[in-house]
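>>> attaching a predicted model along with its sequence, questions to come.
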Amino acid sequence: MDKDWFEKETKKIDVPKNEVYAAISKGIGDGKKEKRLHKRKKSIKASAILSSTAASLVLASGFLFAPVTEVLAKVPFLSAVYEHAPSVGNELFTSNLVTELNQKASDNGVDVTITSAYYDGNIIGVTFEALGDQLTTEHMDEGNRPVGGLAYETFDGKDQNQWGSGSSGLQKEGDHFVGSIEFYNPNERIADDFTLPLTFTHLADVNGKWRFDIPVDRIPSEEIQVNKSIRSEDGVFQLSVESIIKGKATTMIEYTYTVHEEEDTLNVTVFDNNGKRLGKFHADVLHVEEKDGLFHKKVRELFPNKIDENADSLTLYAETELYDQEVHQTLDTNTPIEIKSNRFDYQITVENFKQENSEVTIDFKIDNLEKDQVRNDLLLNFAEFVQLIPTERVQQNKDGKLDIEKMLKYEIRSNKTKVLNKDDMRYRSTFTIGENTDIREYSLLVPFPILSLNDKPVKLDPLKIELK
């Protein structure tokens with residue numbers, strides 16, 4: 001894909017900023033809440049949301065990674081499905097590695113048929129068709145209707161048991177609709193032969209229950225034992241690669257990394273010796289162990305590409321992103337008020353604040369950042385998420401950290417944040433607080449993680465792994 005063309009086309013897309021910011025706020029809130037509620041659940045829900053959202057955006061933008069080949073033309077019906085399928089399914093279909101099925105279920109005048117399935121690495125994909133006079137896309141995505149015209153659940157339907165997934169959405173083909181879904185298991189590896197319980201609950205404006213038990217067999221893969229490690233210069237951060245699993249359309253790499261704080265993360269980028277990069281998909285933390293003051297995280301990362309047959313080696317480039325904690329400071333004191341990060345040199349200084357009835361204006365600046373250390377748009381994003389909360393609603397957990405889950409509904413986002421001086425990193429935020437309340441009864445919440453996660457990461461030396 002030509003980069004200049006891509007940038008030119010994306011600039012034409014009209015982005016609804018207010019809706020996007022609202023969605024970001026809700027997403028950050030949901031993410032905070034999920035993180036504290038259930039760490040395992042977070043990876044499932046966040047990935048499912050992001051995967052389905054990404055799929056929807058790709059479809060809406062017209063960027064379909066689905067080349068039509070001679071193989072597609074050989075199976076006319078399935079080709080219509082795989083033309084819009086995720087890249088893994090398309091790759092397997094063109095290689096004749098999907099299993100054709102004919103499972104049917106009916107409800108509310110709609111007949112649904114599972115037409116094919118595949119299982120590569122830790123991804124299970126299914127395709128289906130739906131037929132019924134009531135089916136329509138006229139109001140698809142309106143109101144509270146599911147994105148892409150369909151809703152589904154796996155296993156018992158309980159949220160904590162759902163796998164991550166992404167869907168192509170429904171496509172109209174003649175008098176019926178077709179679609180595809182890819183699931184991945186964020187936990188331990190599943191059996192080579194597996195039955196996936198799947199229930200559709202909404203299809204093209206029709207609610208119902210269409211239940212299936214879909215049998216799948218994992219396509220044989222090759223596992224390479226690696227057991228190679230690399231450390232940072234100070235010896236604190238370490239990456240140890242245990243194995244590489246070469247699928248027919250996917251690659252899985254299992255590794256363990258060591259960091260200072262449990263929230264610190266490691267980002268891995270992989271290239272083969274011919275310069276081809278493995279596309280990013282999802283990294284699942286399988287196990288976390290605290291030992292000698294450090295956290296050891298075991299990860300299985302799934303890449304939606306196969307390793308080329310002519311590749312002799314892979315090189316992993318690892319960067320550690322350091323996480324910071326949010327900090328709160330009461331406003332019951334005189335300015336200037338310095339609010340410092342608990343881990344880094346970052347701080348903000350509240351230079352002035354004033355209250356007129358329920359409207360509060362706060363002027364502050366960001367300190368101890370070098371010029372261009374963090375991009376200006378990210379600095380503004382940081383400033384926009386400096387929030388107020390009634391001091392009496394500030395709560396901490398047993399570890400002495402802010403209990404974001406309990407505080408979330410009391411947080412007050414600024415109505416407007418403006419840049420007063422870009423070079424000096426000065427900002428002004430306007431808030432609306434409760435009537436007949438005093439700003440000195442409030443605290444300021446400072447989202448230092450936005451700065452730390454967008455600061456320069458700790459880079460490890462490249463790790464080369466021979467494949468042959």
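Now that the structure is in, tell me what you want to look at. Numbering: from 1, shown residues only.
>>> do a quick rundown of the helices in this structure.
Secondary structure of the chain by DSSP state H: the helices cover 3-11, 17-37, 39-61, 70-74, 76-82, 87-94, 376-384, 404-407, 448-452.
>>> now the longest one: mean pLDDT?
In this model, helix 39-61 has a mean pLDDT of 32.
>>> cool, the fifth one as well?
Per-residue pLDDT over helix 76-82 has a mean of 51.
>>> burial check on the nearest residue to residue 262 once chain neighbours are set aside, number of neighbours?
In space, and not counting its chain neighbours, residue 262 is closest to residue 295: 4.9 Å by C-beta to C-beta, 6 or more residues apart in numbering. (Each C-beta comes from the backbone N, C-alpha and C, glycine too.) Per other C-beta atoms under 10 Å, the neighbour tally for residue 295 reads 16.
>>> quick one, what contacts residue 295?
Residue 295 makes contact with 258, 259, 260, 261, 262, 264, 288, 289, according to C-beta atoms under 8 Å, 6 or more residues apart in numbering.
>>> that one bridge partners, please.
residue 259, residue 290 (DSSP bridges).
>>> hang on, the earlier thing: okay, the contacts of residue 295 in TSV with neighbour count, distance to residue 420 and pLDDT next?
Converted to TSV, these look like this (neighbours: other C-beta atoms under 10 Å; distance: C-beta to C-beta, whole Å; pLDDT from 0 to 100):
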residue	neighbour count	distance to residue 420	pLDDT
258	23	42	95
259	21	36	93
260	16	35	91
261	13	33	90
262	14	36	91
264	21	33	93
288	12	42	95
289	11	46	96
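>>> tabulate those (CSV), appending distance to residue 144.
Supplementary listing: the contacts of residue 295 in CSV, determined by distance: C-beta to C-beta, whole Å:
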residue, distance to residue 144
258, 44
259, 40
260, 43
261, 39
262, 36
264, 38
288, 37
289, 42
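>>> tell me the one of those nearest residue 181?
Nearest to residue 181 among the contacts of residue 295: residue 288, at 29.9 Å, using C-beta to C-beta.
>>> isn't that closest one up against residue 294?
No. Using C-beta atoms under 8 Å, residue 288 is not in contact with residue 294; the gap is 11.0 Å.
>>> run a quick neighbour tally on the closest residue to residue 412 other than its chain neighbours.
Leaving aside its chain neighbours, residue 412 sits nearest to residue 388 (4.3 Å; criterion: C-beta to C-beta, 6+ apart). As a burial measure, residue 388 scores 23 neighbours (other C-beta under 10 Å).
>>> now do stretch 437-456, average pLDDT.
On average, stretch 437-456 scores 92.
>>> any idea how far residue 249 is from residue 275?
Remark: distance between residue 249 and residue 275 (C-beta to C-beta, to the nearest Å) = 20 Å.
>>> I meant to write residue 371 there.
In this view, residue 371 and residue 275 are 33 Å apart by C-beta to C-beta.
>>> now residue 451
33 Å.
>>> more neighbours, those two?
Taking other C-beta under 10 Å, residue 451 and residue 275 do not tie; residue 451 has more neighbours (23 against 7).
>>> next up, the contacts around that one.
Contacts for residue 451 were tallied using C-beta under 8 Å, 6+ apart; they are 324, 341, 344, 346, 366, 369, 374, 378, 382.
>>> and if we set it to 6 Å?
Going by C-beta atoms under 6 Å, 6 or more residues apart in numbering, residue 451 touches 346, 382.
>>> what's the answer for residue 98, then?
Shown in contact with residue 98 (C-beta under 6 Å, 6+ apart): 92, 116, 118.
>>> test my guess that the last one contacts residue 92.
In this case it means residue 118. Yes. Counting by C-beta atoms under 6 Å, residue 118 does reach residue 92; the two are 4.8 Å apart.
>>> so, low pLDDT: which residues of the stretch 201-350 of the chain?
Counting by pLDDT under 70, the stretch 201-350 of the chain shows no low-confidence range.
>>> all strands of it, in order?
Using DSSP state E, counting those that start in this stretch, the strands found in the stretch 201-350 of the chain span residues 206-217, 222-231, 238-246, 251-259, 265-272, 282-291, 294-303, 313-321, 327-330, 337-340, 347-356.
>>> which one among the contacts of residue 295 gets closest to residue 166?
Scanning the contacts of residue 295 for proximity to residue 166, where the rule is C-beta to C-beta, the winner is residue 288, at 26.1 Å.
>>> ok, residue 117 to residue 99 distance?
Taken as C-beta to C-beta, the span from residue 117 to residue 99 is 5 Å.
>>> one more: residue 272?
Distance from residue 272 to residue 99, by C-beta to C-beta: 29 Å.
>>> repeat for residue 405
Computed as C-beta to C-beta, the residue 405 to residue 99 distance reads 43 Å.
>>> again with residue 448
To residue 99, residue 448 is 50 Å away according to C-beta to C-beta.
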